[in-house]
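Let's see this in three dimensions:
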Amino acid sequence: MEISNHVAEFSIVDDIESLSESPKTVVLQPHGALLGEAGVTFQSSLNQAIVDAAAVIVDLLWVNRVDDQGIAILLAGMKRAQASGKSLAFLAMDEATRAALDAVWEQQRKAKASPQTDRFTPNFEQFLDDHKNAKV
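Purely as a prediction, here's the structure:
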C-alpha cells in the first residue's frame with residue numbers, strides 16, 4: 001500500500017517567532033486495501049501524523065477495501081487524536097466503512113458508560129418514597 005503524505009501549514013503570522021510554532025495539517029492518502037501489512041504501515045503513518053500535527057486528514061478516496069483490522073486502525077487513530085486533543089477527519093469514506101466505524105465507536109462508547117446504580121440505602125429510598133408528595 002502506498003501512502004501519500006502531504007503537509008500543509010496554515011497560520012496567520014504576526015511575527016517571525018510564531019512561524020516556527022505554527023500548527024500544521026497532515027493529509028494522508030492511503031491507496032489500495034487497508035488490511036494486513038499495509039494496514040500496519042498505515043497505522044504507523046497515522047500515529048506519527050497525530051503526534052506531529054495539530055490536525056490530520058485521512059483521504060480514503062483511493063482505498064478500495066477496509067476489513068475489521070482497518071476499522072480497528074481507524075478507531076485507534078480516533079481515540080489517539082481525541083486523547084491528544086488533536087483533530088482527525090476522514091474524507092471520501094465509503095458507506096460500509098463509515099457504518100462499521102460508527103457501530104464500533106458507539107459500541108465502545110456504551111461499554112464505557114457505567115450503568116447507574118442507586119447509592120442510597122433502602123431505608124432512605126423508602127423515606128423519599130413516603131415523603132415525595134408531602135407539602136412543605
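
rest of the way, CA atoms for contacts and neighbours
Will do.

Identify the residues contacting residue 105.
residue 75 (Cα atoms under 8 Å, 6 or more residues apart in numbering).

how close does the residue nearest the centre of the chain sit to residue 132?
Nearest to the mean C-alpha position of the chain, by Cα atoms, centre = their mean, lies residue 78 at 1.8 Å. As judged by Cα to Cα, to the nearest Å, residue 78 and residue 132 stand 45 Å apart.

Over to residue 37?
Residue 37 is 63 Å from residue 132, by Cα to Cα.

cool, and residue 79?
For residue 79 relative to residue 132 (Cα to Cα), the value is 44 Å.

In terms of neighbours, single out the busier of those two.
Legend: neighbour count by other Cα atoms under 10 Å for residue 79 and residue 132, higher for residue 79 (15 against 9).

Quickly find the element holding the more buried one.
helix 68-84 (DSSP states H and E).

who's in contact with that helix?
Contacts for helix 68-84 (Cα under 8 Å, 6+ apart): 34-36, 39, 43, 46-47, 50, 87-88, 97, 100-101, 104-105.

repeat that for 6 Å
The contact list for helix 68-84, computed with Cα atoms under 6 Å, 6 or more residues apart in numbering, reads 34-35, 101.
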